[in-house]
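Undergrad: Pasting the sequence and the predicted model now:
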Amino acid sequence: MKKNIPLKLFINDFLEKGLLFHIARRHMPPVSEISPHTHDFYELFYIEEGQEQHTINGTVYNFNEGTLCLLGPSHTHFYTPSGNGLLKKINLAFSRQSLLEALLYLQFSADILHTATLLKINTDSDLRRIFMHAQRSLFSNLESTESRNRIFRSLLIQLLLELTQGLQAPSPVQKNGWLVQGLHTYRQKKLYTKGSHALAEVCGKSLEHISRVVKKTQGITLSSLINSMRIQEAMRMLTETDYPVLRISTESGFENLSHFNREFKKMCGLTPLQYRKKNLLILSGS
């Protein structure tokens, strides 16, 4: 079948006022097809159900359920469902500028954008779980624009950390590379719930040195960085379990419930119970 000249898509045609991203869910029957197109933005897609045959720059890929894939700007691609059932997928589009800002935050080399133009995330990757949790809030009109953008930025940072693990080159900027690698290891519940001393053991550096470098490179205190990891885990438990808030506070690494409530509201703009109630409404379709 002869393909037409690719359609060019632009991120500014999709962004809602104030949002840094565009997210959509697509359901496609077996006989349908998305025509050849290219775009000036990055596209992260996740296949929730079914299979697809995806042609990217002339190369054919077969993607199955559970695939999480990143496409860079200027790719020419088109796809069609390849199974007998419905193809269900989520598409997340965002600008090159958003990715550059996340790179700057992590002090990664921008060269990664030239190498990592196409990446299929491993099916056992933690990023898939993080993405599926984050997409609930990204879709939600009940969340504020600020809150949705904050969750989106957090997802981008997790994506970049995954990129550095999935590719041999380019590597993070060598200066303070120990911190980037240390934080990647530290983003495990069994470690960040233990506090800052566990990070010192992972990095092999003193807490004083780590605190100075974190403040200098990321503009936040070490305690704020660790608390953000704990709050993300608390957000997950609030929506995926019926645990009481006290248990969630303890299991996410907080020793004091009042401190947990303050940090949660500072990051999310809501109390834990308010956050749970909003997300239960979203999940129930109310």
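TA: All right, it came through fine.

Undergrad: Strands of the chain, residue ranges please.
TA: 7-9, 21-28, 34-39, 42-49, 52-56, 59-63, 68-71, 77-81, 87-94, 118-121 (DSSP state E).

Undergrad: same for the first one, what does it pack against?
TA: When contacts are defined as 3 or more C-beta pairs under 8 Å, 6 or more residues apart in numbering; DSSP states H and E, strand 7-9 packs onto strand 34-39. The C-beta positions use only the backbone N, C-alpha and C, and glycine is treated the same way.

Undergrad: likewise the second one?
TA: If contacts are counted by 3+ C-beta pairs under 8 Å, 6+ apart, strand 21-28 sits against strand 87-94, helix 126-139.

Undergrad: quick check: angle from the shortest one to strand 52-56?
TA: Our comparison of strand 87-94 with strand 52-56, counting by axes from the mean of the first three to the mean of the last three C-alpha atoms, to 10 degrees, yields an angle of 40 degrees.

Undergrad: how about strand 87-94: buried residues?
TA: Within strand 87-94, the residues scored as buried using 16 or more other C-beta atoms under 10 Å are Leu87, Lys88, Lys89, Ile90, Leu92, Ala93, Phe94.

Undergrad: Hmm, the first one is touching His54, no?
TA: No. Counting by C-beta atoms under 8 Å, His54 is not a contact partner of Leu87; they are 10.7 Å apart.

Undergrad: so what secondary structure elements neighbour the lengthiest helix in the chain?
TA: Secondary structure assigned by DSSP state H gives helix 145-166 as the longest helix of the chain. Counting contacts by 3+ C-beta pairs under 8 Å, 6+ apart, helix 145-166 is packed against helix 96-106, helix 112-115, strand 118-121, helix 126-139, helix 177-186.

Undergrad: Let's see that with 7 Å instead.
TA: Where contact means 3 or more C-beta pairs under 7 Å, 6 or more residues apart in numbering; DSSP states H and E, helix 145-166 is packed against helix 96-106, strand 118-121, helix 126-139.

Undergrad: Report the rounded mean pLDDT for the second one.
TA: By that I understand strand 118-121. Averaging pLDDT along strand 118-121 gives 61.

Undergrad: and what of the first one?
TA: Computed over helix 96-106, the mean pLDDT rounds to 79.

Undergrad: and it, which residues are buried?
TA: So for helix 96-106, counting by 16+ other C-beta under 10 Å, buried means Ser98, Leu99, Ala102, Leu103, Leu106.

Undergrad: Could you export the residues you listed to TSV, including columns for distance to Phe131?
TA: Output for the buried residues of helix 96-106, formatted as TSV (distance: C-beta to C-beta, whole Å):
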residue	distance to Phe131
Ser98	16
Leu99	15
Ala102	15
Leu103	19
Leu106	18
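
Undergrad: Ala134 and Arg153 touch, don't they?
TA: No. Using C-beta atoms under 7 Å, Ala134 is not in contact with Arg153; the gap is 10.4 Å.

Undergrad: In the protein, where is pLDDT below threshold?
TA: Applying pLDDT under 70 to the chain picks out residues 1-4, 107-126, 162-177, 217-219, 279-286.

Undergrad: ok, now which ones touch the residue nearest the centre of it?
TA: The residue lying closest to the centre of the chain (C-alpha atoms, centre = their mean) is Leu155, at 2.2 Å. Going by C-beta atoms under 7 Å, 6 or more residues apart in numbering, Leu155 touches Ile130, Phe131, Ala134.

Undergrad: Out of those, who's the most crowded?
TA: Ala134 (22 neighbours; other C-beta atoms under 10 Å).
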